[in-house]
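Colleague: pasting the structure only:
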C-alpha cells in the first residue's frame, strides 16, 4: 500500500499548480505528504472532509460510499481542497 500512496503523492505533486499534497486516513493519521503540505495538518484536513460529507448527508442528498464532496478553503492566493478518498490494497 505504501508504494501506491507514494505513487499517488508523486503524481499529484507533479501536476501543474500543485504546491503540496497530503493523504490522511479517516482518523486524521497522515499517510504521506509532499511539497508544502504539512503532516501536522492531517487531522484538520480529515476533519474538514468529514464535516463536508456530513453536510451533504444532512442536506438530504443521496450519498453513496463512492460520493465525495469537493470543497475549497481559500487563504491569500492559495486554495486547499480537502477531499475523502478510499484506498484499497
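Modeller: Received the coordinates, thanks. This structure is a prediction, so every number in the text was calculated from the model and none was measured. Numbers count the residues shown, from 1 in each chain.
Colleague: Would you mark the buried spots in the helix ranked longest in the chain?
Modeller: Secondary structure of the chain per DSSP state H: the longest helix is helix 42-58. Residues 42, 44-46, 48-49, 52-53, 56 are the ones in helix 42-58 that count as buried (16 or more other C-beta atoms under 10 Å). (C-beta placed from N, C-alpha, C; glycine too.)
Colleague: And the helix or strand just after it, what's buried?
Modeller: Next along the chain after helix 42-58, taking DSSP states H and E as the criterion, comes strand 73-75. When burial is assessed from 16+ other C-beta under 10 Å, strand 73-75 yields no buried residues.
Colleague: strand partners of strand 73-75, parallel vs antiparallel please.
Modeller: strand 78-80 (antiparallel) (DSSP bridges).
Colleague: Okay, buried residues for the partner strand please.
Modeller: Result for strand 78-80 [16+ other C-beta under 10 Å]: buried residues residue 80.
Colleague: what does that strand rub up against?
Modeller: 19, 45, 72-74 (C-beta atoms under 8 Å, 6 or more residues apart in numbering).
Colleague: Could you single out the nearest of these to residue 38?
Modeller: residue 45 (9.7 Å; C-beta to C-beta).
Colleague: Look up how far residue 5 lies from that closest one.
Modeller: Taking C-beta to C-beta, to the nearest Å as the measure, residue 45 falls 15 Å from residue 5.
Colleague: what do you get for residue 51?
Modeller: The value you get for residue 51 to residue 5, if C-beta to C-beta is used, is 24 Å.
Colleague: re earlier: any chance of the buried residues of helix 42-58 in a markdown table with pLDDT and distance to residue 12 as columns?
Modeller: Formatted as a markdown table, those follow (pLDDT from 0 to 100; distance: C-beta to C-beta, whole Å):
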| residue | pLDDT | distance to residue 12 |
| --- | --- | --- |
| 42 | 90 | 15 |
| 44 | 88 | 19 |
| 45 | 84 | 14 |
| 46 | 85 | 17 |
| 48 | 82 | 18 |
| 49 | 80 | 16 |
| 52 | 78 | 19 |
| 53 | 76 | 20 |
| 56 | 71 | 23 |
